[in-house]
Each structure stands twice: as C-alpha cells, then as structure tokens.
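Enquirer: Fold the following, please.
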Amino acid sequence: MRRFRHAKILATLGPSSSSEEAIESLFRAGADVFRLNFSHGTHDDHRARLEAIRALAKRLRRPIGILADLQGPKLRIGAFAEGKVALAAGQTFRLDLLDSPGGAERVRLPHPEIFAALKPGTDLLLDDGRIRLTVTRVARDFAETEVATGGVLSDRKGVNVPGARLDISPLTKKDRADLAFALDMGVDWVALSFVQRPDDISEIRKLVDGAAGIVAKLEKPSALDHLDAIVELSDAVMVARGDLGVEIPPERVPVAQKRIVSACRAAGKPVIVATQMLESMVTAPAPTRAEASDVATAIYDGADAVMLSAETASGAYPIQAVEMMDRIISTVEKDPQYVLLMEASHRPPEATSADAISAAARQVAHTLKAEAIATFTFSGSTTLRAARERPLVPILCLTPNLQVARRLTLAWGVHAVVDPGITSFTEAVQRASHVAIRDGFAKQGERLVVTAGVPFGRPGTTNSLRIAFVEEA
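Expert: I've put the predicted structure just below:
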C-alpha cells in the first residue's frame, strides 16, 4: 500500500463516508489520515468511524492516522421573531444581551466577551462576512452599529470580529468533553480551533499530556502575530482558510498561507492546508481549474498535507475527490519545476547532530541516487527531521511504537512501519532492506541510506549514517 507521492491527503469522514466500505475505498484511493469533525455527529458516530479505521489498518497491516478536530467556540447571534430580517446599508442595528427575539432594529448577541473587545470603528462580520456592521457606540452589555454591508440576516448566524482579540478560551465545555472522549478512543492527533495565542496551546497540552499530537488551527489574525511561538509549541499546524478568509481580506489569505507553511517547514513541523480545496466536487464529479491550481500551489509550497472537508464528508463524489487530489499531487511532484522549488526553499540544518545527519542523508541519497532513506526512531523526531529536509526520495520510518507510526502518516514523504526494536546497525540494515523490498521501494542490490541513533533504543540520539545495499533476508 505504498504511495507514489510525498504530500499526504487528509480526508474528513461524515454522512457520505461512514461505512466500512466507504472508508476502505477512501484509503485505497489515497487518503492517508482521517479527520473526525466534532462540530458534527455524535460520539457514537465518531466511535464507529474510528473502529472501522482501526479494523481496516489491522487488516491491511498499515498504520492509518486519525485526527479529532474540536469545534471550538462558535460565536453566534440569537434568533429573530420572524426568522430573519433585511438590513439596509446605513441603518442602525443594535446587538445586546437581552433574552428576547430580535427584529429589524436589534438582536441578541450572547457573548459579553465580544462587547469587552469592541471599540468605535471596529467591524463585525456576520454570516461568513456577508453582513458587515461598524460599531458606533459600545458598552458592557450592548453595541450600537451602523450597517456597512446589508442583506438578509437569519437566525443564529456566526459572528467574526477580525480586528479584536477576544478574552475567550478556545476550549469550551463541549470541547473538553469531546477531547476526553477522543483521547479515550485513542486518536492520534487533536486539532484545536480558534487559536489566538501561545497560551492556548499550553492549555490543551496539559490536558492531552502526550496522548496525542496537537494541531494548532490558525484561523484568527491574532495567531499570525504569534506565529513562531505557536508553531514552536504545537506538534503540527493547520492553515484553516475558511474562518481565516473571513477574518482577513481575501487577498491576504494566500500570503498568510505561504507564511505559515514557510514557518512550519523551517521548524520541521507538519503543516496542513485546508478548506475549500476541491469545493465544487461536493456536487460535481470534477473540480474547477482554479481549485486544481489551488491544491497544486500548496504542494509547490511544500505543505505536508492537503485536506478535504465537505468533499468527502457530505459530498456526492467522495472517492473521486480523493482520487483527483492524489492525481494533482502526483503530477506536481513529477514536475521539474517542483524539484527546483524544493531545492531553492531548502532550509539549512540546525546545529544539532540529528539535523546534521538528516541533511547529510538527503545529500548522500541525491548524489548516489539511493532508492530511499531509512530512519529508525522511537519518538518520531528523527523521521520528522528527515522530512524537514524534503529529500526527493521516500523516507522509510521503522519504529517499534505504533502510536508514533500513526502520527507520522501526516508527515511529508514518510512511509511508516511498525517494526520490533533493533540492537545493532547490521540488524538495522537487514530490517530496512526487508521493508524496502516488501513494500516496493527497492530491489536487491540497490542503495539505501540508513540513519539511526547509537546506542539503539535511546530517544534523541540520531548520530549515525550508513550507505547500504539492499539484501534479501
């Protein structure tokens, strides 16, 4: 079940893709990691999907990653007496804490932390930016606004405050319950929504306590002000372009995306580009040309993974969406321009033995035209450093830790295998040769570059590199 590409595909499960047959079809079509979206579905739904993934992985003898995506705080207005109102540009409109149905002049906004962050001149965006209000007067429990962009506003639409930092935790009561449930099930990754500051990552890390990797979803402008610190504290990052595209002007989203991808690549942290990548395939069997270019751009930038949301969760063509994304990635990675871009954007190694060995492994593999780089790791850090180098050959990761193998399914270029612990470099070469032949990466007599830490079994000791010829066991 090897992939003939480096970048990974993250597919969201939902009503269109919940059966065991659908999940297997998505995996065979190219999905590497599955996302459980806790904004929708019940705990029973998510448990059934996770059990189906684990059963598939056991049957195919391949690690498959699972990401639990927490909903985060959803800021919404209340309801209207008539279900909706029409707002005209220039009219006044009041937001308050009154617990009564709204009308043409006011509506409930049950979030006092929003009022605390507002000041005259601040813009509020409602219904994914379709309605824009400008604050003219604000107090502890209300805000008077002028409608800048009008339209029809209906019950419980979302609210974004792009110019303000809200004093609110990204973990709601629901999120804490969902997190405990997800960790109890044994998910591999947990995605935190609404990240604004480094302390948000510190908060969830205490709760996760090493049981899963933490993905910071960047969808607030304030997160970009602390980008390097958030990347440093996270295990991976998601460019959540849906809310980010509401919070900042559309023309700034591509710039923010490139900045985030670049920061993650420099730090050696997996980065996912998400939202509306093949959006038209929710209802159509083929994407637009612009969508295909959008996916390709993320791959040219060196993203570790690209994500499908509604396309696989509720769309009419979930399998075709994964197949299309697989074809786009594979085509881009065969383009000579892609090779040039990877070379041009290559980061210098940090002053550590692990980085020095990983950089050398990349150079040796290219010079000798080796078939793969084999890494032996217990914690996953050795393999992630190899992936940071973006070698143009596959990275075979051998680890005795199943959880580590599952997490590394998200990392660029990594083919993770659960393998018993080894005690010598001779045994390491034998095991790497066996996996390379079995999984179709190399034939007898071809070269592998092998990196490991000596003595074996001690995390964080990558200090050795060997050029080996593949041998039959």
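Enquirer: Can you spell out which helices and strands pack onto the longest helix anywhere in the chain?
Expert: With secondary structure taken from DSSP state H, the chain has its longest helix at helix 43-60. Applying 3 or more Cβ pairs under 8 Å, 6 or more residues apart in numbering; DSSP states H and E, we find helix 43-60 packed against helix 20-29, strand 33-37, strand 65-69, helix 173-185. The way it works is simple: take the backbone N, C-alpha and C, and place the C-beta from them, glycine included.
Enquirer: Adding mean neighbour count, mean pLDDT and distance to Pro221, write these out as CSV.
Expert: Listed next are the helices and strands packed on helix 43-60 as CSV, based on neighbours: other Cβ atoms under 10 Å; pLDDT from 0 to 100; distance: least, Cβ to Cβ, whole Å:
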stretch, mean neighbour count, mean pLDDT, distance to Pro221
helix 20-29, 18, 98, 34
strand 33-37, 25, 98, 23
strand 65-69, 26, 98, 21
helix 173-185, 16, 98, 22
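Enquirer: Take these and write them to JSON lines, including distance to Thr134.
Expert: Formatted as JSON lines, the helices and strands packed on helix 43-60 follow (distance: least, Cβ to Cβ, whole Å):
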{"stretch": "helix 20-29", "distance to Thr134": "45"}
{"stretch": "strand 33-37", "distance to Thr134": "33"}
{"stretch": "strand 65-69", "distance to Thr134": "33"}
{"stretch": "helix 173-185", "distance to Thr134": "31"}
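Enquirer: Identify each buried residue in the longest helix of the chain, please.
Expert: Residues 46, 48-50, 52-53, 56-57 are the ones in helix 43-60 that count as buried (16 or more other Cβ atoms under 10 Å).
Enquirer: And the residues you listed, which is closest to Ser16?
Expert: Checking the buried residues of helix 43-60 against Ser16 with Cβ to Cβ, the nearest one is Arg49 at 12.1 Å.
Enquirer: The nearest residue to the closest one once chain neighbours are set aside: what's it in contact with?
Expert: Spatial nearest neighbour of Arg49, excluding adjacent residues (Cβ to Cβ, 6 or more residues apart in numbering): Leu13 at 5.0 Å. The contact partners of Leu13, taken as Cβ atoms under 8 Å, 6 or more residues apart in numbering, are 23, 34-37, 49, 312-313.
Enquirer: can we see that at 10 Å?
Expert: Listed by Cβ atoms under 10 Å, 6 or more residues apart in numbering, the contact partners of Leu13 are 19, 22-23, 26, 31, 34-37, 41, 45-46, 48-50, 52-53, 66, 312-313, 318.
Enquirer: Val85 against Gly102, yeah?
Expert: Yes - using Cβ atoms under 10 Å, Val85 is in contact with Gly102, at 7.1 Å.
Enquirer: who has more neighbours, these two?
Expert: Gly102 (24 against 19; other Cβ atoms under 10 Å).
Enquirer: Beta-bridge partners for that one, please?
Expert: Beta-bridge pairing for Gly102 (DSSP bridges): Phe80.
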